[in-house]
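S.K.: Turn this into a model:
(one chain, ligands or ions: 1)
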Amino acid sequence: MTANLLPQELPRSAWQSALRGACNRCPSCGREHLFFKFLKPISRCGSCGQDWAHQQADDFPAYLAILVTGHVLAPLIIALVNHTDLPVWGLMALIVSLALVMMLAMLQPAKGAIIATQWWLGMHGFEKPPRPSEKPKSETD
Ligand SMILES: [Zn+2]
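M.R.: Numbers count the residues shown, from 1 in each chain. Next up, the predicted model:
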């Protein structure tokens, strides 16, 4: 649980939580980095104490990056083939380069957003964080 965290520091919505994760910030407090390597999340936040070892993003970030890259590049590829005189090797070099750059740029934000969403929904061993409309347990007792 988030021991060193004021209730107003918690994200107000799943979107805010996912945005923090996508920006490489701790989804719980937003103060620390979520990743210590490119795709390796920290095991525990040094600021709020949230345990991130429960995350199980698995292959979903890669699926998401492939889905977005394919949908963005498909019309671009069609336009390039129909409206330019680039040779096949030129088209291939351009398309493969663009696809690699887009995939690498999207992997970490996608994984951060997915980890944040898992935490917000209380999936995979995460304890569901309190919602802004809920009062903390100590105030309700
Ligand atoms: Zn934190």
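
S.K.: Tell me the confidence at Leu121?
M.R.: What the model reports as pLDDT for Leu121 is 87.

S.K.: How about Asn4?
M.R.: As summarised for this prediction, Asn4 has a pLDDT of 65.

S.K.: ok, now the one 4 residues further on?
M.R.: pLDDT, the model's per-residue confidence, is 70 for Gln8.

S.K.: Helices of the chain, start to end?
M.R.: With DSSP state H, the ranges of helices along the chain come out as 14-22, 60-83, 88-121, 137-140.

S.K.: Which of the ones you listed sits closest to Ser47?
M.R.: For the helices of the chain, distance to Ser47 was read as CB to CB. The smallest value, 12.3 Å, belongs to helix 14-22. No exception for glycine: its C-beta is placed from N, CA and C like everyone else's.

S.K.: Can you give the contact residues for the closest one?
M.R.: When contacts are defined by CB atoms under 8 Å, 6 or more residues apart in numbering, helix 14-22 is touched by residues 11, 26-27, 30, 34, 109-117, 119-121, 129.

S.K.: are any of the residues you listed buried, and which?
M.R.: With burial judged by 16 or more other CB atoms under 10 Å, the buried subset of the contacts of helix 14-22 is 11, 26-27, 30, 34, 109-117, 119-120, 129.

S.K.: burial count for Phe38?
M.R.: 9 (other CB atoms under 10 Å).

S.K.: what's the distance between the residue in the chain sticking out farthest from the centre and the ion?
M.R.: Seen from the C-alpha centroid of the chain, the residue lying at the greatest distance (CA atoms, centre = their mean) is Asp85, 38.2 Å away. Using CB to the ion, to the nearest Å, Asp85 is found at 53 Å from the ion.

S.K.: Give the burial count for the nearest residue to Arg44 once chain neighbours are set aside, as a bare number.
M.R.: Leaving aside its sequence neighbours, Arg44 sits nearest to Asp51 (CB to CB, 6 or more residues apart in numbering; 5.3 Å). For Asp51, the neighbour count with other CB under 10 Å is 17.
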